[in-house]
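1. Prediction below, plus the sequence it came from.
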Amino acid sequence: MKRVLISGAAGQIGYSLVYRIASGEMLGMNEPIILHLLEIPPMLNALKGVEMELDDCAYPLLQGIVTGSDPKALFDGVDIAILVGAKPRGKGMERKDLLQDNGKIFVEQGRAIHGKNMKVLVVGNPANTNALVLAHNAKDLPKENIRSMMRLDQNRAITQLAKKANVSVTDVKRVAVYGNHSPTMVPDYCNAMIQGKRATDVIQDMKWLQGDFMTAVKKRGTAIIEARGLSSAASAANAAIRSMQDWVFPTPKDDFFSAGVYDSKKDLFFGTAMHDQKVVSNLKLDPFLEEKLKETEKELIEEREGVRQYL
Ligand code: NAX
């Protein structure tokens, strides 16, 4: 039996996420689940609707639902937490204000976490910096138990490479995305493999790899907002489920996955290539990507300084 907390459960991503988790898609068909759904007070009525629909699915694995707006009560006994709830950037709001507002949420939630074993995935933006705030405030929890989500960026990169090479997504492996989940992110074409060969040997179009490929991955969120009038939700929920599977199941031998993990030297949550819960080190990058790494790190440092009072 696993207790799974989802914050922001009445939001867009929440609505795409909770039913898939309750059905057993995330942890497998042999793992009963109790859902803990955390929302802010004005959304508790909408959350009631989400709960009613969960009831109406009659999921065999779903053993209970706990709802509420008190993080202390909701985090109690939780094994896995997916923190989606965050304040969106409002009209006229600057990035700095967003950092501050969301910083406060992750201070409160960090302080509400007790116990050493919970696995916490931060999805709400700015995800890397929210994870950092959480890590500094969840005193009992090892920082290795917190990750920020990079899987959506990885999945986006996989599909772009597969389409360009005219192969299936299952033929594309070892795609890492480094740094911040923001337009400065660094999708790694140097170490990606397509049908067992280097992606750079299969695609052989450096102008595309350094240009349209990078732009398509980095700006995908904006393109979806332009097309749908709403930000990505189904693909984000899918990536959250994949991130947890990356975390609890073995990594296939010939692959790795991307996650934002704590780098103690930098005091940052940095998107990194991982295999079986270990950071894949010694990956070689070309000078173009090396330069981009510096830019994303600089941005993460600036974000950290913007929430300094919460650390
Ligand atoms: P919505 O605004 O639809 O839902 C967010 C929900 O969070 C709302 O229901 C709100 O009431 C709730 N909430 C706000 N503060 C809360 C708190 N303190 N405790 C509990 N719940 C709280 O946004 P949605 O489209 O679901 O996106 C949620 C977050 O995911 C945003 O911050 C968004 O930027 C971020 N994303 C992150 C991605 C990633 O790859 N890391 C990709 C997708 C998404 O853009």
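-> On my side now, so go ahead.

2. What sits closest to the residue of the stretch 51-200 of the chain found nearest the ligand if chain neighbours are left out?
-> The nearest approach of the stretch 51-200 of the chain to the ligand comes at G85, 2.5 Å away (CB to the nearest ligand atom). C-beta: built from backbone N, CA, C; applies to glycine. Closest residue in space to G85, ignoring its immediate chain neighbours: G8 at 2.8 Å, by CB to CB, 6 or more residues apart in numbering.

3. Look at that neighbour and say how many residues are nearby.
-> 25 (other CB atoms under 10 Å).

4. Equivalent analysis for Q195, please.
-> 13.

5. Help me confirm that the residue nearest to G85 comes into contact with G14.
-> Yes: the pair formed by G8 and G14 meets the contact definition of CB atoms under 8 Å, at 5.2 Å.

6. what sits in contact with each of those two?
-> 84-85 (CB atoms under 8 Å, 6 or more residues apart in numbering).

7. Give me the residues contacting the helix or strand hosting A22.
-> Secondary structure assignment for A22, by DSSP states H and E: helix 12-23. Helix 12-23 is contacted from outside by 4, 6, 8-9, 26-27, 33, 35, 37, 50, 53-54, 57, 59, 61-62, 82, 84-85, 123, 230-231, 233-234, 236-238, 240-241, using CB under 8 Å, 6+ apart.

8. mind listing which of the residues you listed are in strands?
-> 4, 6, 33, 35, 37, 62, 82 (DSSP state E).

9. Who are the contact partners of the residue in the stretch 1-150 of the chain that the ligand sits nearest to?
-> The nearest approach of the stretch 1-150 of the chain to the ligand comes at G11, 1.9 Å away (CB to the nearest ligand atom). By CB under 8 Å, 6+ apart, the contact list for G11 reads 43, 84-85.

10. Separate out the buried members of those residues.
-> 43, 84-85 (16 or more other CB atoms under 10 Å).

11. what sits against A237?
-> Counted by CB under 8 Å, 6+ apart, A237 has contacts 13-14, 16-17, 20.

12. Buried subset of those residues as a PyMOL selection?
-> Listed next is the PyMOL selection for buried residues among the contacts of A237, using 16+ other CB under 10 Å:
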select buried, resi 13+14+16+17
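
13. Only the buried residues of stretch 24-34, if you could.
-> Quick answer for stretch 24-34 (16+ other CB under 10 Å): 24, 26-27, 33-34.

14. Kindly export stretch 204-222 (C-alpha atoms) in PDB.
-> Output of stretch 204-222 as PDB, limited to C-alpha atoms (Å, rounded to 0.1, in the frame of the first residue of the first chain):
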ATOM      1  CA  GLN A 204      24.300  14.700 -39.500                       C
ATOM      2  CA  ASP A 205      22.700  18.100 -39.500                       C
ATOM      3  CA  MET A 206      24.400  20.200 -36.800                       C
ATOM      4  CA  LYS A 207      22.600  23.300 -37.900                       C
ATOM      5  CA  TRP A 208      19.300  21.600 -37.100                       C
ATOM      6  CA  LEU A 209      20.600  20.000 -33.800                       C
ATOM      7  CA  GLN A 210      21.900  23.400 -32.500                       C
ATOM      8  CA  GLY A 211      19.000  25.400 -34.000                       C
ATOM      9  CA  ASP A 212      15.500  24.100 -34.600                       C
ATOM     10  CA  PHE A 213      15.900  21.100 -32.400                       C
ATOM     11  CA  MET A 214      16.900  23.100 -29.400                       C
ATOM     12  CA  THR A 215      14.300  25.700 -30.000                       C
ATOM     13  CA  ALA A 216      11.500  23.200 -30.500                       C
ATOM     14  CA  VAL A 217      12.200  21.600 -27.100                       C
ATOM     15  CA  LYS A 218      12.800  24.800 -25.200                       C
ATOM     16  CA  LYS A 219       9.700  26.700 -26.700                       C
ATOM     17  CA  ARG A 220       7.300  23.700 -26.700                       C
ATOM     18  CA  GLY A 221       5.400  25.000 -23.700                       C
ATOM     19  CA  THR A 222       4.800  28.300 -25.300                       C
END
